[in-house]
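**Q** sharing a model that was predicted from the sequence below.
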Amino acid sequence: MAKLLAPPADARLHDRRFTALRQQLIDEFRPANAMELYDIDLIVTDLLHLASLRQAMELVTSPAVSADVVASAREAPARKKLLKLLQWLIKRGEAAKRFDCNDQEAEPLARRLIEEFHCLKRLVAEADAERAEIVAKRAGGPNANEPAGGLEDADLEDPRRRGLLEVILPIEPMLTDLTQAQQVLTGNRPLNADERLRWTAILKLATENVAGGAIRLNDAAAKADAAQRAVLLALAQDPLTLAVLHRCARQFEEAIQARLRRLKAVR
């Protein structure tokens, strides 16, 4: 009977799941006759059908949004939580209080701040290289003796980045060591007033970047919510499809439970 009840060997791989589940139930219940083995075959078949029905119910109730929107919507809560943590730490820094992250918060945040610092250094270095290239081209051109104006317009954010880097550079040894950065964020590494100011600066930079990304993520979450409401509204107007799927699933569940009770009774 197992060969007759087994799903076809197609891309769903249900045939492999059938074999694996069947063996698990045989190992657990150790059927003593053909009827008990038949019950096991039917249980496995019903379990696979039940899984398909449950997946169909999820498809009926899930919003139709792109994979990018789904990924962004799932990321939004974590980004919001991180933003609140950064804002809280900035308040403590400005109030001359120790940072108070717990160990679970400190490790990922320390990595984030280290990444922010390296990114800031890289942007300033790239701007320096761009300036040097412009100056070199002008030096070799026909107007070499004219003032090298217009360099400041290359990136309006460049002066601000340079100012931030000057503020943050003195704490580079702590910002390039994950353990030290975690100790600072948990309050286990005391800071003097100057160091606290510089740490607050890197926290503010991270907050700006997180907040900028949060706008896109929140927009994605809003799109996902709107799509979900549209699906639920359509189901409210025509609930028959979901009701039929639910009833079928319930029937499979009851059949599976009945056969399991029968197998347990003879063990």
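**A** The structure has been received and is ready for your questions.

**Q** ok, now which ones touch the nearest residue to His49 once chain neighbours are set aside?
**A** Of all residues not flanking His49 in the chain, Phe252 sits nearest, at 5.8 Å (Cβ to Cβ, 6 or more residues apart in numbering). (Glycine included, C-beta is placed from N, CA and C.) For Phe252, the contacting residues are Asp46, Leu47, His49, Leu50, Leu53, by Cβ atoms under 8 Å, 6 or more residues apart in numbering.

**Q** from the chain's centroid, how far away is the helix or strand harbouring Thr200?
**A** For Thr200, the host element (DSSP states H and E) is helix 193-237. Mean-position distance between helix 193-237 and its chain equals 12 Å (Cα atoms, centre = their mean, to the nearest Å).

**Q** give me the mean pLDDT for it.
**A** Helix 193-237 shows a mean pLDDT of 83 in the predicted model.

**Q** mind listing what's buried along the following helix or strand past that helix?
**A** As assigned by DSSP H and E, the chain's next helix or strand after helix 193-237 is helix 240-265. Buried positions in helix 240-265, judged by neighbour count with 16 or more other Cβ atoms under 10 Å: Leu245, Ala249, Phe252, Ala255, Ile256, Arg259, Leu263.

**Q** tell me the pLDDT of the fifth one.
**A** Going back to what we said before, that points to Ile256. The model's pLDDT for Ile256 equals 92.

**Q** now do the domain split for the chain, please.
**A** The chain is divided into the following domains under automatic domain parsing: 2-64+238-265, 68-141+151-230.

**Q** before we move on, back to that, mind putting the buried residues of helix 240-265 into JSON lines with distance to Ile171?
**A** Conversion of the buried residues of helix 240-265 to JSON lines gives the following (distance: Cβ to Cβ, whole Å):
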{"residue": "Leu245", "distance to Ile171": "59"}
{"residue": "Ala249", "distance to Ile171": "58"}
{"residue": "Phe252", "distance to Ile171": "62"}
{"residue": "Ala255", "distance to Ile171": "66"}
{"residue": "Ile256", "distance to Ile171": "61"}
{"residue": "Arg259", "distance to Ile171": "66"}
{"residue": "Leu263", "distance to Ile171": "66"}
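
**Q** which of those residues sits closest to Leu59?
**A** Leu245 (9.7 Å; Cβ to Cβ).

**Q** tell me the contacts of the nearest residue to the closest one once chain neighbours are set aside?
**A** Spatial nearest neighbour of Leu245, chain neighbours left out: Met57 (4.9 Å); criterion: Cβ to Cβ, 6+ apart. Each residue near Met57 by Cβ under 8 Å, 6+ apart is listed here: Leu242, Leu245, His246, Ala249.

**Q** kind regards, and thank you for your time.
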